[in-house]
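> This is the structure alone, sequence omitted:
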Ligand SMILES: C[S@@+](CC[C@H](N)C(=O)[O-])C[C@H]1O[C@@H](n2cnc3c(N)ncnc32)[C@H](O)[C@@H]1O
């Protein structure tokens, strides 16, 4: 019969990470419910439309033919609708595991069957091939989505996306970078689940990526790095008289040739934590634009 772990060990574990094993498991099991509650509370008012996509990634979206795009973890559609506005000939698949988020997308005034199809899907569990033909997507956008997934399950998301990407298709990625001010704030409050992974007060979670971790994660799952960089802003909140140093990672990954050589089993992390045994070469931090040149902007961002 399996015996319970010694009590001392349990206490150590809770103190070490800030979140008890019971809560950690609950946040994982009920991730969908927490995000759905988020959209019940905030509707489509929380995130701003992401108008920087065309400026940052125009070269990937433009070109011959009708581009097929998948917005992964689309939320209320703040990435979908700027893409449709800038590229009216594109077709955008969009998925999220929050039914309320998908309802918000479908009720948006610019949602039309001729240019978009939104559906409910848990990217860590549901096969995208049920909704999208294999090897049919030119570009997958992952905008502040992967950070919401536990590091143990990130490979599953990438393996799922690989199946529907065209050979040489691109994943365009933007998400939280390690060292962001918001991460430092978490560190003070005992909301740490594991290394660089935290839970917010509303039960949603956020992972803070280093360039090395992200590079290895994508390489291990069959993508090559096209570009990657840390992107920094000083965000000034004049009413609260605070200046915050925010950091994001912006990257583009291309499907590796020989796209089917990675089985999903191989892609899974080896340990129970996210101590992946990476085999691939990393891009050293020294070749990245670091330290950041902060530029001051006045915006309100999560
Ligand atoms: C910060 S929001 C980003 C939304 C959108 N990409 C944007 O640009 O505003 C993260 C989204 O990822 C979704 N998400 C998290 N884990 C997911 C999963 N396993 N499968 C599908 N969607 C997921 C959440 O429901 C949430 O809508």
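It's in. Predicted model, so just to flag it, every value in this text is computed and none were measured. Numbers count the residues shown, from 1 in each chain.
> Now do the buried residues in the one helix or strand residue 26 maps to.
Using DSSP states H and E, residue 26 maps to helix 21-29. Buried positions in helix 21-29, judged by neighbour count with 16 or more other C-beta atoms under 10 Å: 24, 26, 27. Quick note: C-beta positions are derived from backbone N, CA and C, even for glycine.
> Columns distance to the ligand and pLDDT on top of those, output as JSON lines?
JSON lines is the format used below for the buried residues of helix 21-29 (distance: C-beta to the nearest ligand atom, whole Å; pLDDT from 0 to 100):
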{"residue": "24", "distance to the ligand": "16", "pLDDT": "93"}
{"residue": "26", "distance to the ligand": "15", "pLDDT": "96"}
{"residue": "27", "distance to the ligand": "12", "pLDDT": "96"}
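> Please produce TSV containing the residues you listed, extended by distance to residue 40.
Formatted as TSV, the buried residues of helix 21-29 follow (distance: C-beta to C-beta, whole Å):
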residue	distance to residue 40
24	24
26	19
27	18
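> tell me which of those is nearest to residue 171?
residue 27 (25.6 Å; C-beta to C-beta).
> From the ligand, how far out is residue 143?
Residue 143 sits 4 Å away from the ligand, going by C-beta to the nearest ligand atom, to the nearest Å.
> That residue: neighbour count?
21 (other C-beta atoms under 10 Å).
> Please give me every residue in contact with it.
Residue 143 is in contact with 50, 71, 73, 78, 79, 172, 173, 174, 175, counting by C-beta atoms under 8 Å, 6 or more residues apart in numbering.
> Surely the fifth one touches residue 73?
No. With contact defined as C-beta atoms under 8 Å, residue 79 does not reach residue 73; the gap is 9.3 Å.
> more crowded one of those two?
Between residue 79 and residue 73, counted using other C-beta under 10 Å, residue 79 has the larger neighbour count: 27 against 24.
> list the helices and strands the host helix or strand of residue 84 packs on?
Here residue 84, judged by DSSP H and E, is contained in helix 80-86. Packing contacts for helix 80-86, counted by 3 or more C-beta pairs under 8 Å, 6 or more residues apart in numbering; DSSP states H and E, involve helix 53-61, strand 68-72, strand 91-96, strand 116-120.
> Determine the number of other residues adjacent to residue 32.
16.
> next one: residue 104
21.
> So it, which state does it fall into?
helix (DSSP: H, G, I helix; E, B strand; the rest coil).
> Could you list the low-confidence segments of the stretch 51-200 of the chain?
187-188 (pLDDT under 70).
> Much appreciated, bye for now.
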